[in-house]
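dropping a prediction and its sequence here:
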Amino acid sequence: MTEHATSTIQDPAGPDAGREALRSGLAELVATTRKVCESLETVVTGRPDLARLAVAVLLAGGHLLVEDVPGVGKTTMAKALARTIDCRAGRVQFTPDLLPSDLTGVNIYRAASGEFEFRPGPVFNNVVIGDEINRASPKTQSALLECMEEGQVTVDGTTYPLPRPFLVVATQNPVEMEGTYPLPEAQRDRFTARLSVGYPDNAAELRMLDAQHTDDPLAHLSPVTTGEDMVRFATWVRAVHAAPAVKQYVLDLVGRTRGHAGLRLGASPRASLQLLRVAKAHAAMSGRQHVLPDDVQALATPVLAHRLILSTESRLAGTSAEQIVDEAVAMVPVPAAAAPGRGAPQGRVAESR
């Protein structure tokens, strides 16, 4: 995207107390999230973009699907995120015999009191790590739907709120497919973004060998912020401005997937909403009070690709969902300048070093 295109969306003018409060809040957000990302990079080396995406999803109130081969740090990254923000983490190993109550919790009868007592499951943690989610049955997978969408759990007719912040990080292994159940479309759609850790480059793997060959990298990880702060930062993220032209740009990108000949199912309205939310978080982490098309473009593939269902012809031709999203980004026009000649938008918060 050209520099001219980046400056096409104006920052909303209007100096007031609310804007100054937002500027102050974003300055703190930028400094803190940079520390969180740097902490994550000590565990997952060579991929600063993954750390940034994970933090953006957390700030947007979303959930993360991590799909990759074994041994590249999927679970370690999720644990590191929980430890860095000083939150409780719960790990669930998904297996074919796992029951929904093993996730959500169960009512236990106490003979001494003659009453039932609710024993919460692992979803009552701030960061829920679901290892190999596609090894559990669809019935168990569906137990996460209410948790992820509404931030609550209903057991035997009683609804229990989940803690905040709340983030589900689910992993799945695309290699060993025997004995797995593909995630239903409704389940995939509730994951805000999908990322792939991938193998580190030679230099990054060499640094990992030097730093981690004797020590567990998580053992030396200290919190740099708190969950309460992340909830507060999420409030600032929601206050980031998205111009009508940017919102229309999001709709145009998503709409292009719905009519694509190579797809059997395009992105949902939930995808539009989550793409805008994460774009706001991306803008806030860059110190801006407004969303640019750059933010939307940077996140289009991780937010949209896993929701798309390819047609039979596309699969046979070797076309990937990522290629279709990249094509949409290339073909959909960037919003035209609202006020030509005014230069770059104002309102960027100076990033702390």
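Noted; the coordinates are in hand.

got a list of contacts for stretch 244-263?
Stretch 244-263 is contacted by residues 8-9, 266-267, 271-272, 275-276, 279, 291-293, 296, 300, 304, 308-311, 313-314, 319, 324-325, 328-329, 331-336, 338 when judged by CB atoms under 8 Å, 6 or more residues apart in numbering. (Glycine included, C-beta is placed from N, CA and C.)

was I right to think Leu103 contacts Val92?
Yes. When contacts are counted by CB atoms under 8 Å, Leu103 is listed as touching Val92 (6.3 Å).

mind listing the shared neighbours of those two?
Pro122.

Pro335 - that's part of a helix, no?
No. If the criterion is DSSP: H, G, I helix; E, B strand; the rest coil, then Pro335 is coil and not within a helix.

returning to what we had before: taking the contacts of stretch 244-263 one by one, which sit in strands?
Ile309, Leu310 (DSSP state E).

show the pLDDT at the nearest residue to Met77 once chain neighbours are set aside.
Excluding the flanking residues, the one nearest Met77 by CB to CB, 6 or more residues apart in numbering is Val44, at 4.8 Å. pLDDT, Val44: 78.

if we can go back for a sec, of the contacts of stretch 244-263, keep whichever come out buried.
8-9, 266-267, 271-272, 275-276, 279, 291-293, 296, 300, 304, 308, 310, 314, 319, 324-325, 328-329, 332, 334-335 (16 or more other CB atoms under 10 Å).

now, those residues that are in helices?
Using DSSP state H, the subset of those located in helices is 271-272, 275-276, 279, 293, 296, 300, 304, 314, 324-325, 328-329.

least confident of these?
Among these, Ser314 has the weakest pLDDT, 90.

Tyr160 sits in which helix or strand?
strand 158-161 (DSSP states H and E).

give me the helices and strands touching the helix or strand that that strand is followed by, please.
Sequence order places strand 167-172 as the next helix or strand after strand 158-161, per DSSP H and E. Judged by 3 or more CB pairs under 8 Å, 6 or more residues apart in numbering; DSSP states H and E, the packing partners of strand 167-172 are helix 48-59, strand 64-67, helix 74-84, strand 127-131, helix 143-150.

what is the orientation angle of strand 167-172 with helix 74-84?
170 degrees (axes from the mean of the first three to the mean of the last three CA atoms, to 10 degrees).

roughly how far does Arg119 sit from Asn107?
Distance, Arg119 to Asn107, by CB to CB, to the nearest Å: 8 Å.

pLDDT weak spots in the stretch 51-200 of the chain?
By pLDDT under 70, the low-scoring segments of the stretch 51-200 of the chain are 69-73, 174-179.

residues contacting Arg307?
Glu185, Arg188, Asp189, Leu265, Ala267, Ser268, Ala271.

list the beta-bridge partners for the fourth one.
Beta bridges link Leu265 to Ile309 when assigned by DSSP bridges.

neighbours around it, how many?
15 (other CB atoms under 10 Å).

quick check: it touching Ser311?
No. Between Leu265 and Ser311 there is no contact under CB under 8 Å: 9.3 Å.

can you pull the contacts of the most centrally placed residue in the chain?
For the chain, the residue nearest the mean C-alpha position is Val57 (3.0 Å; CA atoms, centre = their mean). Residues counted as contacts of Val57 (CB under 8 Å, 6+ apart) are His63, Leu64, Leu167, Thr192, Ala193, Val278, Ala281.
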